[in-house]
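Participant: sequence? don't have it. structure:
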């Protein structure tokens with residue numbers, strides 16, 4: 001094992017408040033089962049001047065997923081035990097249902113239900129109840145790929161797991177977490193806080209940045225299984241110490257949830273049981289992040305070094321980059337090789353299988369790829385290739401080939417001719433989707449096009465639409481109930497054999513290929 005560079009680690013901790021600017025944060029490091037660094041800075045509530053401390057609880061959001069999976073394995077030994085209960089929760093699903101294991105590994109093919117809230121008319125601060133969650137998940141008629149074929153992040157997978165655990169055990173989910181996860185791990189103040197309206201330990205989450213200022217972020221969602229746990233830094237460091245204490249026990253829950261998993265075709269999968277497996281600076285890492293409007297968290301564990309890092313912010317800077325920076329400082333990892341700028345990569349492309357647009361751009365660090373949840377910069381390999389271990393991008397004339405190994409997905413995208421304007425009046429009107437039981441309205445006003453979504457959650461705000469190419473638009477969605485929001489949706493116009501508009505297909509990375517029929521006659 002590598003020796004810890006405490007001087008470098010302390011300096012990296014000292015830099016966090018300026019590198020990741022916001023109201024407050026906490027960070028800690030565990031080595032060989034012992035806390036070797038622990039920091040808290042800033043204010044839990046700026047208006048009331050309440051200082052942040054390591055004992056104040058904050059939402060850890062999607063970090064909760066690994067604890068849901070650990071609870072499932074602790075109670076039922078194998079996920080397959082719950083397979084018979086799943087049809088009741090997905091009564092309208094057509095075709096083969098995913099297995100409970102595929103829910104655990106984000107291989108179900110189910111569309112993300114937080115992305116779907118946008119299409120059902122949600123407002124960012126709107127109320128979303130426990131009943132709403134089950135109703136929205138229960139509407140699913142199909143998936144966006146065959147179960148086990150690919151990976152796609154879907155929060156609803158873990159909301160279903162929590163419901164299955166509750167029904168199979170006959171017990172309250174919060175009580176089970178306390179009894180089977182928090183108590184054994186020595187996490188005295190961690191608890192399920194499913195309603196995000198609840199303010200815990202006087203901590204406020206903030207939206208914004210130094211340029212526009214920081215404003216309290218309001219949300220009113222009920223979630224558990226996929227999220228919902230509130231924990232202090234000290235609670236989370238206890239979780240990391242518990243992981244180390246059980247490192248040699250094959251039946252230990254963290255060993256079980258971090259064990260290798262595979263796709264349906266037998267290829268290794270880099271995500272399973274609510275944990276991402278990846279390589280950072282030649283170190284094998286397991287970890288996960290979490291986000292709610294106003295909060296961002298990340299934890300990682302390097303088993304070979306018996307090292308763990310936890311970072312939680314009450315703002316939306318990248319806790320993942322902060323945690324990875326602390327890890328590399330502690331282990332004395334070498335600096336990255338200087339990046340080669342991209343040249344000639346600027347382009348707009350369409351992935352016809354998933355009906356999603358891609359955008360590539362030259363940037364100083366390489367090639368900026370916009371395709372999935374958030375843009376990523378890929379280092380240049382040669383004139384026609386850029387990529388990383390998990391993502392490979394190649395140019396072949398007017399075709400862009402992309403291998404996304406983490407998703408077990410290969411994409412063949414065709415180049416598009418961009419448009420700088422299009423007439424929104426030609427597609428204006430009301431459309432309806434049988435797949436999700438929702439509607440949308442497109443309106444054109446003085447050269448600008450707008451879209452509004454309506455469904456079980458009401459009528460949402462009007463969002464901007466911008467033309468990309470012939471019969472292809474992007475819909476921006478920068479604020480939503482969950483964090484991160486869908487970002488951009490791809491909207492493709494469908495036409496019949498006469499060229500008349502017959503409907504459209506709408507999708508984002510988290511919820512793809514949703515068909516709408518219309519427009520309806522006025």
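Facilitator: Alright, I've got the coordinates. Everything quoted here is computed from the prediction, not taken from an experiment. Numbers count the residues shown, from 1 in each chain.
Participant: ok, the closest residue to residue 486 other than its chain neighbours - how many residues close by?
Facilitator: Counting by Cβ to Cβ, 6 or more residues apart in numbering, residue 486 lies nearest to residue 508, which is 4.4 Å off, once chain neighbours are set aside. Where you see a C-beta, it was placed from the backbone N, CA and C, and this is true even at glycine. A total of 24 residues lie near residue 508 under the criterion other Cβ atoms under 10 Å.
Participant: Dig out what residue 508 forms beta bridges with.
Facilitator: residue 511 (DSSP bridges).
Participant: With adjacent residues omitted, what lies nearest to the residue nearest the centre of the chain?
Facilitator: Nearest to the mean C-alpha position of the chain, by Cα atoms, centre = their mean, lies residue 153 at 6.1 Å. Leaving aside its chain neighbours, residue 153 sits nearest to residue 106 (5.6 Å; criterion: Cβ to Cβ, 6+ apart).
Participant: show me the contacts for residue 411.
Facilitator: By Cβ atoms under 8 Å, 6 or more residues apart in numbering, residue 411 lies in contact with 351, 353-354, 358, 400-404.
Participant: quick check, nearest of the residues you listed to residue 13?
Facilitator: Closest approach between the contacts of residue 411 and residue 13, by Cβ to Cβ: residue 404, at 34.1 Å.
Participant: any idea of the pLDDT on the closest one?
Facilitator: For residue 404, the model assigns a pLDDT of 96.
Participant: surely it meets residue 390?
Facilitator: Yes. Between residue 404 and residue 390 a contact is recorded at 7.2 Å, counting by Cβ atoms under 8 Å.
Participant: Can you list the buried residues in stretch 19-27?
Facilitator: When burial is assessed from 16 or more other Cβ atoms under 10 Å, stretch 19-27 yields the following buried residues: 20, 22-27.
Participant: And stretch 483-501, by the same measure?
Facilitator: Neighbour-count burial for stretch 483-501 [16+ other Cβ under 10 Å]: 483, 485-493, 501.
Participant: start to end distance for that stretch?
Facilitator: One end of stretch 483-501 sits 34 Å from the other (Cα to Cα, to the nearest Å).
Participant: Low-confidence ranges, the chain, go.
Facilitator: 334-336, 521-522 (pLDDT under 70).
Participant: ok, now with 90
Facilitator: 1-3, 77, 333-339, 372-374, 389, 420, 446-447, 477-487, 520-522 (pLDDT under 90).
Participant: can you pull out the helices in the stretch 201-350 of the chain?
Facilitator: 233-245, 253-257, 319-331 (DSSP state H, counting those that start in this stretch).
Participant: Adding mean neighbour count and distance to residue 191, write the ones you listed out as TSV.
Facilitator: TSV is the format used below for the helices of the stretch 201-350 of the chain (neighbours: other Cβ atoms under 10 Å; distance: least, Cβ to Cβ, whole Å):
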stretch	mean neighbour count	distance to residue 191
helix 233-245	23	9
helix 253-257	20	19
helix 319-331	22	21
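Participant: With distance to residue 428 as new columns, can those be given to me in JSON lines?
Facilitator: JSON lines is the format used below for the helices of the stretch 201-350 of the chain (distance: least, Cβ to Cβ, whole Å):
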{"stretch": "helix 233-245", "distance to residue 428": "50"}
{"stretch": "helix 253-257", "distance to residue 428": "49"}
{"stretch": "helix 319-331", "distance to residue 428": "41"}
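Participant: and of the ones you listed, who's closest to residue 285?
Facilitator: Using Cβ to Cβ, the nearest of the helices of the stretch 201-350 of the chain to residue 285 is helix 319-331, at 7.6 Å.
Participant: any idea how far that closest one is from the chain center?
Facilitator: How far helix 319-331 lies from its chain's middle: 20 Å, per Cα atoms, centre = their mean, to the nearest Å.
Participant: Who has more neighbours out of residue 404 and residue 390?
Facilitator: Neighbours were counted for residue 404 and for residue 390 using other Cβ under 10 Å; residue 404 has more, 18 against 13.
Participant: Would you mind measuring from that one to residue 391?
Facilitator: As judged by Cβ to Cβ, to the nearest Å, residue 404 and residue 391 stand 6 Å apart.
Participant: Which neighbouring elements make contact with the lengthiest strand in the chain?
Facilitator: The single longest strand within the chain, with elements called by DSSP state E, is strand 34-45. Using 3 or more Cβ pairs under 8 Å, 6 or more residues apart in numbering; DSSP states H and E, the elements in contact with strand 34-45 are helix 6-19, strand 24-31, strand 50-51, helix 233-245.
Participant: Paired strands for the third one, with orientation please.
Facilitator: Each strand pairing with strand 50-51, determined using DSSP bridges, is listed with its direction: strand 34-45 (antiparallel).
Participant: The nearest residue to residue 518 once chain neighbours are set aside sits in which helix or strand?
Facilitator: In this structure, residue 518 finds its nearest non-sequential neighbour in residue 431, 3.4 Å apart by Cβ to Cβ, 6+ apart. Using DSSP states H and E, residue 431 falls within strand 429-433.
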